[in-house]
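# Curious how this folds, go ahead:
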Amino acid sequence: MHLADRYPGRDPERALAPAVGTPERARYYQWMFFMANIVQPAYRAWFYPTEPAGAENADATKRQARVRRWARKMPRPIETWPALAAYARRMKSLPSFNEVYAREGLTDWT
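Numbers count the residues shown, from 1 in each chain. Okay, the predicted model is just below:
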């Protein structure tokens, strides 16, 4: 968010975030905080289940994370959520997405 504020860009289509003071900026804040406070903790609990409650509770932590999280390798993957599937298609169509995958040597989820 700091980088988006520091480098707003001249072209609104290429900006990192909507312009300050616009309704779109309010939605941007809403989604950024949702991701940071709801989605990311569920992912962290899934991938590091011993951290929140110790090794003896790892299975319970993962069960709880499973009901709070969506991803491509979960019982209800991202493609089953229409809005998320559309977002993933748009993201995958970006040249920058493909460049990151090429630079990092990634093959999953493309």
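
# only C-alpha atoms for contact and neighbour calcs from this point on.
OK.

# Sketch out the low-pLDDT regions of this protein for me.
Low-confidence segments of the chain, defined by pLDDT under 70: 70-76, 108-110.

# Name the residue closest to the centre of it, please.
Per CA atoms, centre = their mean, the C-alpha nearest to the average position across the chain is that of residue 35, at 6.3 Å.

# Would you list the phi and psi of that one?
Torsion angles at residue 35 (phi, psi; degrees, to the nearest 10) stand at phi -60, psi -40.

# Kindly report the same for residue 16.
Dihedral angles for residue 16 - degrees, to the nearest 10 - are phi -70, psi -20.

# Repeat that for residue 49.
phi -70, psi -20.

# before we move on, the earlier item: tell me the spacing between the residue nearest to the centre of the chain and residue 28.
11 Å (CA to CA, to the nearest Å).

# show me what contacts the residue nearest to the centre of the chain?
Taking CA atoms under 8 Å, 6 or more residues apart in numbering, we find residue 35 in contact with no residue.

# Residue 42 is in contact with residue 65, isn't it?
Yes. Shown here, residue 42 and residue 65 form a contact pair, counting by CA atoms under 8 Å, at 5.1 Å.

# between the two, which one's more packed in?
Remark: of residue 42 and residue 65, residue 42 carries more neighbours, 23 against 20, as counted by other CA atoms under 10 Å.

# which SSE is the more buried one in?
helix 40-47 (DSSP states H and E).

# do the same with residue 20
Going by DSSP H and E, residue 20 is not in any helix or strand.

# Could you give the backbone dihedrals for it?
Dihedral angles for residue 20 - degrees, to the nearest 10 - are phi -60, psi 140.

# Quick check: buried residues in the host helix or strand of residue 58?
Element membership for residue 58, per DSSP H and E: helix 58-68. Of all the residues in helix 58-68, those buried under the rule 16 or more other CA atoms under 10 Å are 58, 61-62, 65-66.

# what's the answer for stretch 21-38, then?
So for stretch 21-38, counting by 16+ other CA under 10 Å, buried means residue 28.

# Where do the domain boundaries of this structure fall?
1-69, 70-110 (automatic domain parsing).

# Can you give me the distance of residue 89 to residue 83?
10 Å.
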